[in-house]
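> Sharing a model that was predicted from the sequence below.
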There are 2 protein chains.
Amino acid sequence: MKPVDPVFSKLGMRLEPAAITRLMAVALDSPDLLSLAAGFTDNATLPVEVVRETAARLLTGPGSESVLQYGTNRGRTRLRELLAARLAALDGLPAESRSPDEVLVGNGSQQILALATQVLCDPGDIMLVEQPTYFVYLDVLKGLGVDARALPVDETGALDLPGVGALLDDLTREGVRDRIKAVYLVSYYANPSSNTLGESEKTGLANLLAERGLVLPVLEDAAYRELGFGGDAPEKSVLALEAWRDFPKLYAGTLTKTFATGLKVGYGICGHAEWRERILYLKGQHDFGTSNFAQAILEEVLSRGEFEKQLTRLRRAYAEKMETLDRVLRAEGLAEAGWEWARPKGGLFLWLRGPRLLDTRLDSPFFHACLDNKVLYVPGNLCMADGMGKNQVRLSYGVLGLGELEEAGRRFARAAKSFRPS
Amino acid sequence: MKPVDPVFSKLGMRLEPAAITRLMAVALDSPDLLSLAAGFTDNATLPVEVVRETAARLLTGPGSESVLQYGTNRGRTRLRELLAARLAALDGLPAESRSPDEVLVGNGSQQILALATQVLCDPGDIMLVEQPTYFVYLDVLKGLGVDARALPVDETGALDLPGVGALLDDLTREGVRDRIKAVYLVSYYANPSSNTLGESEKTGLANLLAERGLVLPVLEDAAYRELGFGGDAPEKSVLALEAWRDFPKLYAGTLTKTFATGLKVGYGICGHAEWRERILYLKGQHDFGTSNFAQAILEEVLSRGEFEKQLTRLRRAYAEKMETLDRVLRAEGLAEAGWEWARPKGGLFLWLRGPRLLDTRLDSPFFHACLDNKVLYVPGNLCMADGMGKNQVRLSYGVLGLGELEEAGRRFARAAKSFRPS
């Protein structure tokens, strides 16, 4: 007898390796390559002393065993109180306006988003997403058999509301209006566009949806909200905007990108009790709660003000890194070679558009020219629901140090200029 | 306009609150109640000093930032090497007989089991499980719309192989033989039965399945394997038994129950590359890897021999606790009142069978008699695929101290004797 293969589920068969995994494998194969692809954070910014002291304090004295015991499925009570108050403050509201009961803690914000989507979407359903959007979320949708449809944007990246209306008309004509299940927005210093949705854009979208009778769940992915170079983004979240009042809302935030990625703790805030509880039932089947020890560390760090101090350090570090990469690309003549990009006001990414006919996709000649120049990027089409954006590129300045960023920028510009349209 | 509710997915609608959540809520409402329900570990056994010293060491010196950085989706390389070697040793094989490439790290073993099941099973599929089995896994199956069918056992709890054959005949007659997707076994000091499957039982099952042409994926949940009071269970896992050679196999183990539940790290070992990779694709969409810091702590603890020392302490502590609860129940005359149970050789549970006509289910008069006596248990029917076992009870001696266990045992016996068959 020879070994037998399993018969996989429909979901199992739809799963594909994440594109980023392929890119990481490329990077590992070529140790002298500089990666502008990975969205990791900078080792030099990681708060080693704070975590060391916090862990030591938590593990000293009577009752300290409790942080090594199971926690609850929804997360530590004091941590949820701190997160509720923090979110209220970010939205300019009194601390008590958000209840800790609305908060659920996850293994990063991504777990909450994945579980929340799974309890909403069946195969064939439609999710409205931005153009571009976070590529891992597109993978989640593909796995669930959900059709991602892009909300049109104008040339500045702002939501094109008449275009959204036309999209909804199209979906109605296609007979799939009833399959539109929810809206996913990456609304602050977005991955990959670094764009922040203005309050008027968000309000306009809510009004348009409500006019069409589409009061749908909205998932707001705010992973980079606190990474504005000038401080927290002032734009209110959907939790606080009047136009979204009647929509079921899930806000996903993280303590990972903003503090220490190795702790892997994020959170969701969901005022719709049934949606929230169904997410928790599913989380209970997966892990019955995120590491209680990692949660306890972050609870301490938040309550002692260390989180805000770390944010201040991070913002300064990422602003300097963004400026370094931006400056090198401009100095090397990338703009003159037909490339366009905006200077981000926060986040970890430059989002560039190359010459119109350039193809930046995986394994394109341009991709290989970059590899030949020992530099790696994320192809823009991976971030598009419709596979467009084939002349776009995401560059992350998260991981590399300043000197490496300068060198990586020079390499990228060199490769790009060798593809100057003739 | 009034707030609008989401339309949930089919999975979303199938989800239900875990029964244990209901039980925990009962316990919280009644602070003087002693809970023999929760499967938590004992705070007094948690390795506070070891974790404190390990965390301090990891966070000191050059390169220490790396443990606070993202890890990889499949888990730390050195940790996977240690786990591969450990599993080989448990199965009596040379260290190099298991490859670290087969190992994937998760947020507890439960996450691996949940994801592995999701990539296998569609609604309407059938999973073969033991009778009784782990109730959280039954919830996973219910959520996925999978039909759990119980493998018959004899009165000692051993697999009834002719009965299994008859079950397979039944499924063939029902026309659903092709929907049988996999087998789930909790094979060491099982939750809830404390039963260990003998090698001959496991081999017999494999041979029977193979004879019927059902060379199906097997999921072996070994969460309690290392918690034998006399040391590691000597029975080989399905990974090492010749009869299972051609079956796709996933072995799920944990560093949580065996070290510190608050770290929430488990692992899977899966030699079938495609199954393993599909599990990893899905994990990548959920969290792209378990907390790197928690993994690093466990890697250190394993490599420095602290894990084995902690196991020795745990085994002694749980053996004493089991003996205490068992002794009190016998001294209080529970056996004379018509109850039967075996003394476990490891694990965290006593699995009792009450008088034949007794109903122990949630909200039964017996359940309320126990609440009136301020003691809580897990009703046995929750652990049964077919809802049988309505006169059975799981008692956990994991959490309570020795004095509390004595008192809880007296309370349970008092409630049980008040239901003596007349």
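That came in fine, so what should we check first?
> hey, which helix or strand in chain A has the poorest pLDDT?
helix A:19-29 (a mean of 79; mean pLDDT, DSSP states H and E).
> what's the following helix or strand after that one?
Next helix or strand after helix A:19-29 toward the C-terminus (DSSP states H and E): strand A:34-35.
> tell me which strands and helices that following strand is in contact with?
When contacts are defined as 3 or more Cβ pairs under 8 Å, 6 or more residues apart in numbering or on different chains; DSSP states H and E, strand A:34-35 sits against strand A:375-376, helix A:402-417. From N, CA and C alone the C-beta is placed, and that goes for glycine too.
> how big is the angle separating the next helix or strand after it from helix B:48-58?
Next helix or strand after strand A:34-35 toward the C-terminus (DSSP H and E): helix A:48-58. Between helix A:48-58 and helix B:48-58, the angle comes out at 170 degrees (axes from the mean of the first three to the mean of the last three Cα atoms, to 10 degrees).
> quick check, helix A:48-58 touching chain B?
Yes. Helix A:48-58 lies within reach of chain B by Cβ under 8 Å from any Cβ of the partner chain, at A:48-49, A:51-52, A:55-56.
> buried stuff in the longest helix anywhere in chain A?
When chain A is parsed with DSSP state H, its longest helix is helix A:306-331. Across helix A:306-331, burial judged by 16 or more other Cβ atoms under 10 Å in any protein chain shown covers A:306-307, A:310-311, A:314-315, A:317-319, A:321-322, A:324-326, A:328-330.
> Then stretch A:398-405?
A:398-400, A:402, A:404-405.
> Quick check: end-to-end length of that stretch?
Distance across stretch A:398-405, first residue to last, is 10 Å (Cα to Cα, to the nearest Å).
> same thing with stretch A:88-100?
Terminal residues of stretch A:88-100 are spaced 11 Å apart (Cα to Cα).
> mind checking how far the helix or strand that the longest helix of chain A is followed by is from the chain centre?
Next helix or strand after helix A:306-331 toward the C-terminus (DSSP H and E): strand A:340-341. Relative to its chain's centre, strand A:340-341 lies at 21 Å (Cα atoms, centre = their mean, to the nearest Å).
> I'd like the next helix or strand past strand A:340-341.
Strand A:340-341 is succeeded, C-terminally, by strand A:349-353 (DSSP H and E).
> Give me the helices and strands touching the least confident helix or strand of chain A, please.
helix A:135-144, strand A:375-376, strand A:378-379.
> now those in a markdown table, with mean pLDDT?
Output for those, formatted as a markdown table (pLDDT from 0 to 100):
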| stretch | mean pLDDT |
| --- | --- |
| helix A:135-144 | 96 |
| strand A:375-376 | 96 |
| strand A:378-379 | 96 |
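> Any part of the host helix or strand of residue A:280 near chain B?
Counting by DSSP H and E, the element that carries residue A:280 is helix A:273-286. Yes. On the criterion Cβ under 8 Å from any Cβ, helix A:273-286 is in touch with chain B at A:274-275, A:277-278, A:281-282, A:284-286.
> now the helices and strands packed on helix A:19-29 in a markdown table, with distance to chain B and mean neighbour count?
Shown next, in a markdown table, are the helices and strands packed on helix A:19-29 (distance: least, Cβ to the nearest Cβ, whole Å; neighbours: other Cβ atoms under 10 Å in any protein chain shown):
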| stretch | distance to chain B | mean neighbour count |
| --- | --- | --- |
| helix A:135-144 | 5 | 22 |
| strand A:375-376 | 17 | 24 |
| strand A:378-379 | 15 | 26 |
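> Which positions in the stretch 251-400 of chain A make contact with chain B?
A:260-265, A:272, A:274-275, A:277-278, A:281-282, A:284-294, A:296.
> okay, how far is it across stretch A:351-359, tip to tip?
15 Å.
> ok, residues contacting it?
By Cβ atoms under 8 Å, 6 or more residues apart in numbering or on different chains, the surrounding residues in contact with stretch A:351-359 are A:132, A:192-195, A:334, A:337-342, A:344, A:360, A:365-366, A:380, A:390-395, A:416, A:419-421.
> Distance from the least confident helix or strand of chain A to the middle of the chain?
How far helix A:19-29 lies from its chain's middle: 19 Å, per Cα atoms, centre = their mean.
> what do you get for stretch A:232-248?
Using Cα atoms, centre = their mean, the offset of stretch A:232-248 from its chain centre is 18 Å.
> Also stretch A:110-128?
Centroid separation for stretch A:110-128 versus its chain: 15 Å, with Cα atoms, centre = their mean.
> Restrict that stretch to CA atoms and write it as CSV.
The C-alpha trace of stretch A:110-128 is given here as CSV (Å, rounded to 0.1, in the frame of the first residue of the first chain):
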residue,chain,number,x,y,z
GLN,A,110,-5.6,39.9,12.3
GLN,A,111,-7.2,36.9,14.2
ILE,A,112,-10.1,39.1,15.2
LEU,A,113,-10.6,40.2,11.6
ALA,A,114,-10.4,36.6,10.3
LEU,A,115,-12.8,35.2,12.9
ALA,A,116,-15.2,38.1,12.5
THR,A,117,-15.3,37.5,8.7
GLN,A,118,-15.8,33.8,9.1
VAL,A,119,-18.9,34.3,11.2
LEU,A,120,-20.3,36.7,8.5
CYS,A,121,-19.4,35.3,5.2
ASP,A,122,-20.4,32.2,3.1
PRO,A,123,-18.8,31.3,-0.2
GLY,A,124,-20.2,33.5,-2.9
ASP,A,125,-20.8,36.5,-0.6
ILE,A,126,-19.3,39.8,-1.5
MET,A,127,-17.0,42.0,0.7
LEU,A,128,-16.5,45.6,-0.3
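> So for it, what gets flagged as buried?
Applying 16+ other Cβ under 10 Å to stretch A:110-128 flags A:110-122, A:125-128 as buried.
> out of these, who's near chain B?
Applying Cβ under 8 Å from any Cβ to the buried residues of stretch A:110-128, one finds that A:110-111, A:114-115, A:118-122, A:125 fall near chain B.
> Thank you kindly, that will do.
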